[in-house]
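Peer 1: When you get a sec, could you give me coordinates for this:
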Amino acid sequence: MYIKELKLINFRNYSELDLDFCKDYNIIYGKNAQGKTNILEAIFLCSSGRSHRTIKDNELIKFMEENYYIKLIVEKKDIEKTIEIFYKRDERKRIKINDIPIKKNGELMGQLNTVLFSPEDMSIIKEGPNERRRFIDIALSQIKPTYFYDLQQYSRILTQRNHLLRDVTKSENKKGKLKDTLGVWSEKLAETGSRIILERIKYLSKLNKKAFENHKKLTGGREEIEIIYSPSINVGNCNDIEEVRKEFIRHIEKDKEKEIQIGTTLYGPQRDDIEIKINKRNVRMYGSQGQQRTAVLTLKFSEIEILRELIGEYPVLLLDDVFSELDSIRQEYIIESLENIQTFITCTDKKFYDSGIKKKNTKLYFVENGKVEKES
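Peer 2: Next up, the predicted model:
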């Protein structure tokens, strides 16, 4: 799979931009705050339907403008696809695939597969469980659009159930009809939540195996990494959907009165976490900056390999200003690992281009103040 062309209108600091790309390495360089990351952001948006930097589409519109437009042409399994995104300030985003409007964002999933590695990804290690769940959810949604739909449905059910819990808490008659309806929402929550949990169990099992091998290569065998799923419901490595559902129901029934008292749901995928250990120690608490960065790199390259196995070709790799943070050993590992992967690299200078990448098929783009000049 590779991206052939990208067009931007009024997106971030670009008034209008038309670029074509090569199948291998596309190096986008220039000083900070010139618009390099905006190009990667637009590509990622066409892949996932959302930015990796903001949840507000209004922030993606160029200053003093009222709308933005993105058009991307990708070739996947020898079939060319066009993805278009239109957004007008304060309105709903509209997406077309091959000139046909899609009704749900979930239809975009899998049309263009990307793996993004940016400085913000350190939050996977450093921040709370929400960032680790987000990493897994984006990876799984690209592989299985049904997982994306389950996430959306689960979010709606959870919101409704939490509203109901708070209403029951306020109700004078807590044993009345309002409380009786709680069971219906609990069943819906467990049914959808179990599917999400089961997919996370399967994916993290694969990720753990890939990560173990990749991390040993990255560290010269000095370190071993372990990825451990920590769900709020004790399901172990269960791979039976009915068993997961029963355990889900058992947990929320056990603490139903406590949930009513505090007005929120205590169990489910929204409370899961993923523990990452290096040499049996939690890297978030005990890892150095270098170990944490390497752990994220391991996760990303393992994600690439899993995607290739499941969809039959490599995803597009987006490396946003990460080379400057890596030592020469890790830089070389990345370059050696990128064979047959279309890769976009942003950086402030092109000095590492003179290393191994120079021998490959490469295009260089110089970015300055929202203008891009193609050099090769």
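Peer 1: how much space between Leu326 and Lys350?
Peer 2: As judged by C-beta to C-beta, to the nearest Å, Leu326 and Lys350 stand 16 Å apart. From N, CA and C alone the C-beta is placed, and that goes for glycine too.
Peer 1: To clarify, my last question referred to Phe248.
Peer 2: 52 Å.
Peer 1: Looking at those two, which is more packed in?
Peer 2: For Phe248 versus Lys350, neighbours defined as other C-beta atoms under 10 Å are more numerous around Phe248 (26 against 18).
Peer 1: which residues does Phe229 contact?
Peer 2: Let me fix one detail, which is that residue 229 is Tyr and not Phe. 200-201, 204, 272, 274 (C-beta atoms under 8 Å, 6 or more residues apart in numbering).
Peer 1: immediately after the one helix or strand Ile201 maps to, which helix or strand?
Peer 2: Of the helices and strands defined by DSSP states H and E, Ile201 is found in helix 182-218. For helix 182-218, the following helix or strand on the C-terminal side (DSSP H and E) is strand 225-230.
Peer 1: That next one: partners in the sheet, and parallel or antiparallel?
Peer 2: In the sheet containing strand 225-230, its partner strands are strand 273-278 (antiparallel), by DSSP bridges.
Peer 1: ok and the strand it pairs with relative to helix 182-218, angle-wise?
Peer 2: Counting by axes from the mean of the first three to the mean of the last three C-alpha atoms, to 10 degrees, strand 273-278 lies at 20 degrees to helix 182-218.
Peer 1: Tell me the buried residues in strand 273-278?
Peer 2: 274, 276-278 (16 or more other C-beta atoms under 10 Å).
Peer 1: Point out where the stretch 151-300 of the chain drops to low pLDDT.
Peer 2: Scanning the stretch 151-300 of the chain for pLDDT under 70 picks out 172-176.
Peer 1: try 50 this time
Peer 2: Applying pLDDT under 50 to the stretch 151-300 of the chain flags no residue at all.
Peer 1: Apart from its neighbours in sequence, what residue is nearest Lys4?
Peer 2: Ile73 (4.6 Å; C-beta to C-beta, 6 or more residues apart in numbering).
Peer 1: With adjacent residues omitted, what lies nearest to the most centrally placed residue in the chain?
Peer 2: Residue closest to the average C-alpha location in the chain (C-alpha atoms, centre = their mean): Ile138, at 3.4 Å. Using C-beta to C-beta, 6+ apart and skipping the chain neighbours, the partner closest in space to Ile138 is Ser48 (6.1 Å).
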